[in-house]
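1. below are the sequence and a predicted model for it; my questions follow.
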Amino acid sequence: MTKKRNFHPLFKGLLTAGLVSLSVSLSTAVLASGYQLSNQIFSSAVADGDSGASNAAWAGDASTSYTNPAGMVRIPNPQLIGGADWLDIVTKFRGTNTWTINTPALPPYAKLFVESGDADGGVIRTLPFFHFVSPIMHSRVSFGLSVVPIFGLATYYPSNSLLRYNTTRSELRVVDFTPSLAIKINDCWSIGLGADFADAFLVYRARGGIPTFGPFPFSHDFGSRNTLNALGFGGHAGLMYQMNPGTRFGLTYRSRIFMDMKGRSTLTFPYGAITHDNLQSNLILPAYTSFGGYHDFNPCWAIDATVNYTQWSNINNGNQIIHGIFVPNAFLMPVDTTVSIAWHYKNTWGASLGGIFRPNPCWTLRAGLLFDESPIKGDQRLPVIPDNNRWGPAIGAHWQAIKQVGFDIGWSHFFLPDSGLHAPTTIGPQTSIPNGVSKTHADVIGAQLVWDMV
């Protein structure tokens, strides 16, 4: 469906440029690892409290249904977990942004504009999660179901910031619905298999315009609002080896998930708007492998660790294709086009180490440390995703209130090095080039209730 309205003549020459801007910037958002703060957290408050060190081999509650389904055979009774992560991202750009346009329609003095200052792009999000595990067939087989947000980050910049021609809002939300089944082979070995049904929703917004006209640099801007959504399917498998009563190792593999995304794009002007419903692109979530171990030193002290390898390089084969970019011709009649954007992400490693202290049967205290690589190369880093390598500490606690009910809380902090932003965003004949530094850090606080149905 396409809706057309009349426009002021000043904007007709820039309308095509604004629509093409979607093709460039949206492809950035689709492949952004920056929307996944770490694949080692967001699954539970326990993972928040030990930096995800428990994911591969701890298997101490129903969240193992997601992190390693082979561990479900260690849960002796039906168990339900419900909780949420509270995410606070702080990101600030400081520097300049240079806008240029290559068109004979404007005089030379109107083809260059430089702004300087700060732009805050932080956001606060709440991400709920759910886990259920139930043993069947005399505890040799277990069934589990998890609902987990695997991507959930965003950047929000004001519509009048100096980065408005790069992005004003970018957000990717992916929720994974994962039924799993685990089988206990013997006292040492167990395996788990499951499916992943991922629901994705992508938002990208930016501004275009002529900042050299009007009393304010943004007085002749127009807006680009774009949304895409899709469902995707994948699978996962887990393996657990119990070497002795106090030591075990776990291995998990999650396949990549391909999504055929469809959505809508709307351009808004002071004198009208135009909308189309034929926007298409693909979203590919990368495959990753986790390996880890857990060891009890004594009844009070334990240690665990997890290492992750994420295959970002296999998600796009070097190109991102966007179909149905709606571009009007000189008579404002709709014309579809296809755009191909080259990408070269690298595979990454992440690792976390955690410690556990049990002072008494009611309380468990934990702490962790994480390091996670970014797949984004420096020359591809944009304000949409000011991502970088990250590391940080975590602390958490579990309180067993009564036999059937316990509570967990966890906190993780992420430090990111200052990230230089210099890559241009091209909008048809317009180019916007930031030149500055983005400072980013994040906090995640998770809380959950654990209900043993005994």
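-> Nice, I can see it. Residues are numbered from 1 along each chain as shown.
2. how near is Ala305 to Trp349?
-> According to Cβ to Cβ, to the nearest Å, Ala305 stands 13 Å off from Trp349. (C-beta placed from N, C-alpha, C; glycine too.)
3. between these two, which one's more packed in?
-> Ala305 (24 against 11; other Cβ atoms under 10 Å).
4. so the more buried one is in contact with Ile356, correct?
-> No - Ala305 is beyond contact range of Ile356, at 11.7 Å (criterion: Cβ atoms under 8 Å).
5. so Pro211 sits right up against Trp99, yeah?
-> Yes - contact between Pro211 and Trp99 holds when scored by Cβ under 8 Å: they sit 5.7 Å apart.
6. common neighbours of the two, please.
-> Shared contacts of Pro211 and Trp99, defined by Cβ atoms under 8 Å, 6 or more residues apart in numbering, comprise 113, 115.
7. neighbour count for those two, which is higher?
-> Neighbour totals were compared for Pro211 and Trp99, and Pro211 leads with 26 against 23 (other Cβ under 10 Å).
8. pretty sure that one is in a helix, no?
-> No - if the criterion is DSSP: H, G, I helix; E, B strand; the rest coil, then Pro211 is coil and not within a helix.
9. quick one: contacts for the residue located most distally from the centre of the chain?
-> Here the chain reaches farthest from its C-alpha mean at Pro107, the gap being 42.6 Å by Cα atoms, centre = their mean. Contacts of Pro107 were listed using Cβ under 8 Å, 6+ apart, and none were found.
10. from the chain's centre, how far out does stretch 276-288 sit?
-> 14 Å (Cα atoms, centre = their mean, to the nearest Å).
11. please save the CA atoms from that stretch in PDB.
-> Extracted as PDB, the C-alpha positions of stretch 276-288 are listed here (Å, rounded to 0.1, in the frame of the first residue of the first chain):
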ATOM      1  CA  HIS A 276       4.900   2.000   1.700                       C
ATOM      2  CA  ASP A 277       4.500  -1.500   2.900                       C
ATOM      3  CA  ASN A 278       6.900  -3.400   0.700                       C
ATOM      4  CA  LEU A 279      10.100  -3.100   2.600                       C
ATOM      5  CA  GLN A 280      12.100  -6.400   2.800                       C
ATOM      6  CA  SER A 281      15.400  -7.500   4.100                       C
ATOM      7  CA  ASN A 282      17.000 -10.500   5.900                       C
ATOM      8  CA  LEU A 283      18.200 -10.900   9.500                       C
ATOM      9  CA  ILE A 284      20.600 -13.700  10.300                       C
ATOM     10  CA  LEU A 285      21.400 -14.400  13.900                       C
ATOM     11  CA  PRO A 286      24.800 -16.000  14.200                       C
ATOM     12  CA  ALA A 287      25.600 -19.500  15.400                       C
ATOM     13  CA  TYR A 288      27.600 -19.800  18.600                       C
END
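12. average model confidence for that stretch?
-> Taken as a whole, stretch 276-288 has a mean pLDDT of 84.
13. for stretch 378-387, same thing?
-> Stretch 378-387 comes out at a mean pLDDT of 74.
14. now do that stretch: distance to the chain's middle.
-> Worked out by Cα atoms, centre = their mean, stretch 378-387 lies 14 Å from the chain centre.
15. go on, stretch 265-284?
-> 23 Å.
16. and for stretch 348-359?
-> For stretch 348-359, the distance to the chain centre is 22 Å (Cα atoms, centre = their mean).
17. quick check: buried residues in that stretch?
-> Going by neighbour count (16 or more other Cβ atoms under 10 Å), the buried part of stretch 348-359 is 348, 350-356, 358.
18. please, which helix or strand holds Asn229?
-> The secondary structure element spanning Asn229 is strand 221-244 (assigned by DSSP states H and E).
19. and that strand, which residues are buried?
-> Here strand 221-244 shows 221-230, 232, 234, 236-240, 242 as buried, counting by 16+ other Cβ under 10 Å.
20. can you pull out the strands in the stretch 351-454 of the chain?
-> Taking DSSP state E, counting those that start in this stretch as the test, the strands found in the stretch 351-454 of the chain are 363-372, 390-400, 405-415, 419-421, 425-427, 430-452.
21. now the fifth one: average pLDDT?
-> I take that to be strand 425-427. 68.
22. adjust the sequence numbering to begin at 49 for everything that follows.
-> Sure, I'll start numbering at 49, so the last one becomes strand 473-475.
23. poorly predicted segments of the stretch 149-298 of the chain, please.
-> 260-267 (pLDDT under 70).
24. make it 90
-> 149-162, 169-173, 185-187, 198-221, 250-276 (pLDDT under 90).
25. ranges for the helices of it?
-> For the stretch 149-298 of the chain, applying DSSP state H, counting those that start in this stretch gives no helices.
26. now the strands for it?
-> With strands called from DSSP E, counting those that start in this stretch, the stretch 149-298 of the chain shows them at 160-168, 171-184, 189-199, 202-204, 217-232, 237-257, 269-292, 295-302.
27. these: which one's closest to Ala93?
-> The closest of the strands of the stretch 149-298 of the chain to Ala93 is strand 171-184. By Cβ to Cβ, the value is 8.8 Å.
28. would you give the sheet partners of that closest one, along with the direction of each?
-> Here strand 171-184 is paired, per DSSP bridges, with strand 127-149 (antiparallel), strand 189-199 (antiparallel).
29. and that strand, what's buried?
-> Result for strand 171-184 [16+ other Cβ under 10 Å]: buried residues 171, 173, 175, 177-183.
30. which members of the buried residues of stretch 396-407 are the farthest-apart pair?
-> Thr396 and Arg406 (33.4 Å).
31. nearest to Met309, out of the strands of the stretch 399-502 of the chain?
-> So among the strands of the stretch 399-502 of the chain, strand 473-475 is nearest, using Cβ to Cβ, at 20.8 Å.
32. quick one on the thing from earlier: just send the strands of the stretch 399-502 of the chain back as TSV, with distance to Tyr213 and mean neighbour count too.
-> Shown next, in TSV, are the strands of the stretch 399-502 of the chain (distance: least, Cβ to Cβ, whole Å; neighbours: other Cβ atoms under 10 Å):
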stretch	distance to Tyr213	mean neighbour count
strand 411-420	30	21
strand 438-448	27	20
strand 453-463	28	20
strand 467-469	13	20
strand 473-475	7	22
strand 478-500	4	20
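33. right, and these - which one's nearest Asp136?
-> strand 478-500 (4.8 Å).
34. partner strands of the closest one, parallel or antiparallel?
-> By DSSP bridges, strand 478-500 pairs with strand 127-149 (antiparallel), strand 453-463 (antiparallel), strand 467-469 (antiparallel), strand 473-475 (antiparallel).
35. with distance to Asp500 added, can I get the ones you listed in a markdown table?
-> A markdown table is the format used below for the strands paired with strand 478-500 (distance: least, Cβ to Cβ, whole Å):
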| stretch | distance to Asp500 |
| --- | --- |
| strand 127-149 | 5 |
| strand 453-463 | 8 |
| strand 467-469 | 44 |
| strand 473-475 | 52 |
